[in-house]
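Undergrad: Turn this into a structure:
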Amino acid sequence: MLIRCLACVLLLLSLAAEPSGAHRASRPSIVVILADDLEAGTLGHFPEITRHLVREGTSFDRFFTADSWCCPSRSSILRSQYVHSHGVWTNTAPEGGFERFNGLGLERSTIGTWMQDAGYRTAYLGKYLNHYPGPMPETYVPPGWDTWHVPVRGLYDEYGYRLNSDGSPVEYGWGEHDHLADVLGDKAREFIEADGRPFFLFLAPVAPHLPAHPPVRHAEAFGDLMAPRTPSFDQADVSEEPAWLRDRPPLSRTEIDRADEIHRTRMRAMLGVDDLVGTVIQALRDTGRLDDTYVFFTSDNGFHLGTHRLTQGKTTPFEEAIRV
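TA: Numbers count the residues shown, from 1 in each chain. Below is the predicted model:
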C-alpha cells in the first residue's frame, strides 16, 4: 500500500453519505496527522499515540512513501499521484519545493479542494511544502483551505517563528506555550469546536525533523535512549550493497554516540506531537465527535540513523527511509 493512496482513502470516506440535506451532517469527520521524517517502529515511546491510536486503531505495517523526501512525498499526499506524475522532484526550485508545486498549478486540485467540494470545512495547520511561501506573499493561502495556520519564517525552530494565520502574519516567541506543536494543538481544538459540520483537519507538525527542538518540558526526556540497534545498524557486511555504499567505512565511536544523541533529541521533539495528539483526541471527546471521526497518523518519509553505515538522512530506497 502506497502513501499516495491516502488521499484516495480520505476522499472515499467523504463520499460515504449523500452530499446534501440531512445526510451531509451524518458524514464522518477526518483528521490527518503527518509527522516529518518519523521512522517506523518508534510509536511505543509516545503514550498518547500508543493509548489512543495504536491500541485502539489499525496499523498498516506495509505502508511506503512514494519518494523518501519531504516535498515530493507531501506533493503525492496532497495530489494522490506518483512523483513522475505531479513533477515535484526535489525540495527546492526549480525542480521542486513549493515554488514548483505552485508554479505548475497543482494547488488548483488537491485533497483540500476535493474535500471542500464534498461539503467539508477544511483546515491545514503546520508545515506545508518546503520553502513556502517562496515568491508569494507571506499572507498567501492556497485554494481548498477554510482555515490556514502555516509557518512562513522559522519553521524548524519551533520557537520564535512567524505564522500565516488565515492571511495575517502572527509572531510567536520563546514562551513555553509558543512551541509550534502546542500552538497547532490549540488551533486544532478551536477548529474542532467551531461548529457542528463535518470537517477535514490536516495537521502537519515538524517533529522529529532536525534540528528537532522539543518543548522545554520534554528537554530532559529519554536520557539513556539509544538509536535502535537493528541488524542494519553500522552494517558489518556491505559487499552486496551498491558501490556508493560499499566504499563507506564502519561508523566510528563518535558517529555512533552522535547517532544516539540525535535519536534522543528527535524522540523528545516527538513528545510535543504526542501532546498534540492528546489535545486533538480530547477535543473530539469533549465535542462528542470522537466516535464519528477517522484519525490517520503517518509520516512523509522515514529516516536513517546509523543504519547501512549512514550517519543520518533519507532519500534512499532502504526500508528505514521508505517505510512509515
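Undergrad: Check what contacts stretch 261-273 and list those residues.
TA: Stretch 261-273 has contacts (Cβ atoms under 8 Å, 6 or more residues apart in numbering) with 33, 35, 37-38, 42, 45-46, 49, 158, 179-182, 205, 207-208, 210-215, 218-219, 221-223, 225-228, 303, 305, 312. Every C-beta, even on glycine, is put in place using the N, C-alpha and C of the backbone.
Undergrad: List only those of those flagged as buried.
TA: Buried members of these, counted by 16 or more other Cβ atoms under 10 Å: 33, 35, 37-38, 42, 45-46, 49, 158, 179-182, 205, 207-208, 210, 212-215, 218, 221-222, 225, 227-228, 303, 305, 312.
Undergrad: In strands, which of the residues you listed appear?
TA: 33, 35 (DSSP state E).
Undergrad: now L201, what's its secondary structure?
TA: Following DSSP: H, G, I helix; E, B strand; the rest coil, the label given to L201 is strand.
Undergrad: That one reaches I111, doesn't it?
TA: No. Contact criterion Cβ atoms under 8 Å: L201 and I111 do not qualify, at 11.7 Å.
Undergrad: what about the closest residue to M226 other than its chain neighbours, which helix or strand?
TA: Among residues not flanking M226 along the chain, D260 sits closest, at 4.7 Å (Cβ to Cβ, 6 or more residues apart in numbering). Assessed by DSSP states H and E, D260 sits inside helix 253-286.
Undergrad: can you give me the angle that helix makes with strand 199-204?
TA: 160 degrees (axes from the mean of the first three to the mean of the last three Cα atoms, to 10 degrees).
Undergrad: What about the closest residue to F296 other than its chain neighbours, how many residues nearby?
TA: In space, and not counting its chain neighbours, F296 is closest to V32: 4.7 Å by Cβ to Cβ, 6+ apart. When neighbours are counted by other Cβ atoms under 10 Å, V32 registers 20.
Undergrad: Ok, the one 4 residues further on next?
TA: Residues contacting D36 under the criterion other Cβ under 10 Å number 25.
Undergrad: what about it, distance to G306?
TA: According to Cβ to Cβ, to the nearest Å, D36 and G306 sit 20 Å apart.
Undergrad: Next: Y161.
TA: Taken as Cβ to Cβ, the span from Y161 to G306 is 30 Å.
Undergrad: rewinding a little: give me the subset of the contacts of stretch 261-273 lying in helices.
TA: Among the contacts of stretch 261-273, the members falling in helices (DSSP state H) are 49, 180-182.
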